[in-house]
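Asks: build me a model:
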Amino acid sequence: MKKLMFIFLFIFTRSVFGQDLDMARKVIDTLTSSEMWGRGYTKDGMAKAASFISSTFAAYGLVPMDGKDFKQVFNYPVNTFPGEMMLRINGKLLLPGKDFLLSPESKGLKAENLTLAQKDSVSFINIEHRVLVLLRDQLTWSVAPEAADYTVIEVDKKAITEVPEKISVHIENKFLPEFQAANVCGLIKGTQYPDSILLMTAHYDHLGSLGKDTYFPGANDNASGTALLLNLAKYYAKNPQRYTIAFIGFAGEENGLQGSKYFTEHPLIDLHDIRFLMNVDMVGTGEDGITVVNATIHPKEFALLQQINQDKKYLSKINSRGKAANSDHYFFTEKGVPAFFLYTQGGIAAYHDINDLSLTLPLTKFQDLFRLFIDFNKALIK
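Replies: Residues are numbered from 1 along each chain as shown. Sure, this is the predicted structure:
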């Protein structure tokens, strides 16, 4: 009988976690779809993603952190590229995202047959129109909170076979001084100690689009972290704890940690009540383990995490890293909130490009990372 019970529990556990992985894949497919348009600054992409997360929180039974609305609205400046995005070099038409990118602070430009002067082996310039063309081995994009008075075009070296001499360009930018975004904040109140909080966070925004036809899906960065956040929210909604479990999906991370900065300046919960914060970003792989930022600041908690992983054999390796201002944990750390930032390593190399796709995201250690979180949270507050 005991053997049969063990087999039943084993199969049941695998089935539950298998369903969670299926759910995660569906969330990532949704967040990386053309409907979300890169979860950025055009076609209401970020707003649609925020509404999706908000409605999911509500469906799971979470309550808004402020008791009224899951969305904490705020604004910040950003440079966007909603319209035309055309480039020809020596008469050859290049594709945005694939063959070329813009420095994100670039201004718009429309000109035909401009002559470029070569500055060095990778730099070509037209001073009159304030345009610089740079040849790159790899294209990686980002977001900027300002608009400059110049245009920088980054071109994949593999896209052209000749030295750039002539360009025709039609680029439209639009600077938004007060782009409206929203953090999505919910919680499951503790049954015994509601003022003792474990906070789970992930940013849901990405880079948006480059022109009217090209968007950046952002599967690993950070649809994967958002999927883990929602999986944990679903689990804890079904399994309330003695202490409160809170969740925040941050906006504006790609534009300088805007969402987490705003939240720490306008907190919806007392920051002193946060027992620990776990922030995740890019957790769609894991072949080479994970890295934990702030591990050296919180050695006791890191040792606990290591011990659990050693006992359960979830991950091949947990790497220790010190303090870093590289994700949304940072401003909480600056306010004295104990926090870890975790990201997986290995697998796909796509990052801030059009190849960060749901289709090629392996989710290698997603289930194991989920289990590690559950075990860590359980051991953290006894």
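Asks: any idea how far residue 242 lies from residue 301?
Replies: The gap separating residue 242 from residue 301 is 19 Å, by CB to CB, to the nearest Å. (Glycine included, C-beta is placed from N, CA and C.)
Asks: comparing those two, which residue is more hemmed in?
Replies: Between residue 242 and residue 301, counting by other CB atoms under 10 Å, residue 301 is the more crowded of the two (20 against 12).
Asks: mind listing what's buried along stretch 335-348?
Replies: 337-348 (16 or more other CB atoms under 10 Å).
Asks: helix/strand/coil for residue 199?
Replies: Three-state assignment for residue 199 (DSSP: H, G, I helix; E, B strand; the rest coil): strand.
Asks: if we can go back for a sec, inside strands: which ones of the buried residues of stretch 335-348?
Replies: Judged by DSSP state E, the subset of the buried residues of stretch 335-348 located in strands is 339-344.
Asks: and the residue nearest to the spatial centre of the chain, what does it touch?
Replies: Central residue of the chain (CA atoms, centre = their mean): residue 222, 2.8 Å from the mean position. Residue 222 sits next to 202-204, 206, 253, 280-282 when contact means CB atoms under 8 Å, 6 or more residues apart in numbering.
Asks: that's a helix at it, yeah?
Replies: Yes. Counting by three-state DSSP, residue 222 is located in a helix.
Asks: find the least confident helix or strand in the protein, judged by mean pLDDT.
Replies: Using mean pLDDT, DSSP states H and E, helix 2-31 stands out as the lowest-scoring helix or strand of the chain, at a mean of 63.
Asks: for the helix or strand that it is followed by, name the packing helices and strands.
Replies: Counting by DSSP states H and E, the element after helix 2-31 in chain order, helix or strand, is helix 45-60. Helix 45-60 sits against helix 2-31, strand 174-188, helix 224-238, strand 243-250, with contacts defined as 3 or more CB pairs under 8 Å, 6 or more residues apart in numbering; DSSP states H and E.
Asks: if we use 7 Å, what do you get?
Replies: For helix 45-60, the elements it packs on are strand 174-188, helix 224-238, judged by 3 or more CB pairs under 7 Å, 6 or more residues apart in numbering; DSSP states H and E.
Asks: nearest to residue 25, of the ones you listed?
Replies: The closest of those to residue 25 is helix 224-238. By CB to CB, the value is 7.9 Å.
Asks: pLDDT and distance to residue 258 added to the ones in strands among the buried residues of stretch 335-348, as a markdown table?
Replies: Listed next are these as a markdown table, based on pLDDT from 0 to 100; distance: CB to CB, whole Å:
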| residue | pLDDT | distance to residue 258 |
| --- | --- | --- |
| 339 | 98 | 18 |
| 340 | 98 | 21 |
| 341 | 98 | 17 |
| 342 | 98 | 21 |
| 343 | 98 | 20 |
| 344 | 98 | 24 |
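Asks: between these, which is nearest residue 233?
Replies: residue 342 (16.9 Å).
Asks: my guess is that closest one meets residue 277, correct?
Replies: No. Using CB atoms under 7 Å, residue 342 is not in contact with residue 277, being 11.0 Å away.
Asks: give me the common contacts of these two.
Replies: Shared contacts of residue 342 and residue 277 (CB atoms under 7 Å, 6 or more residues apart in numbering): none.
Asks: how near is residue 122 to residue 134?
Replies: According to CB to CB, residue 122 stands 6 Å off from residue 134.
Asks: the two: who's more crowded?
Replies: residue 134 (17 against 14).
Asks: ok now do that one, which residues does it touch?
Replies: Going by CB under 7 Å, 6+ apart, residue 134 touches 122-123, 152, 154-155.
Asks: so which of those residues is the most crowded?
Replies: residue 155 (22 neighbours).
Asks: does residue 357 really touch residue 218, like I thought?
Replies: No. Using CB under 7 Å, residue 357 is not in contact with residue 218, being 9.4 Å away.
Asks: of those two, which one has the most company?
Replies: Using other CB under 10 Å as the criterion, residue 357 and residue 218 rank with residue 218 on top: 34 against 16.
Asks: just the pLDDT for that one.
Replies: Note on residue 218: pLDDT of 98.
Asks: and it, what is it in contact with?
Replies: 32, 38-39, 206-207, 356.
Asks: number of residues surrounding residue 281?
Replies: 25.
Asks: over to residue 117?
Replies: Look at residue 117: counted by other CB under 10 Å, it has 10 neighbours.
Asks: again, but for residue 192
Replies: Neighbour count for residue 192, taken as other CB under 10 Å: 9.
Asks: ramachandran coordinates for it?
Replies: phi -130, psi -40 (degrees, to the nearest 10).
Asks: got the contact list for it?
Replies: residue 242.
Asks: got it, and residue 31?
Replies: Residues near residue 31 by CB under 7 Å, 6+ apart: 39, 49, 223, 226.
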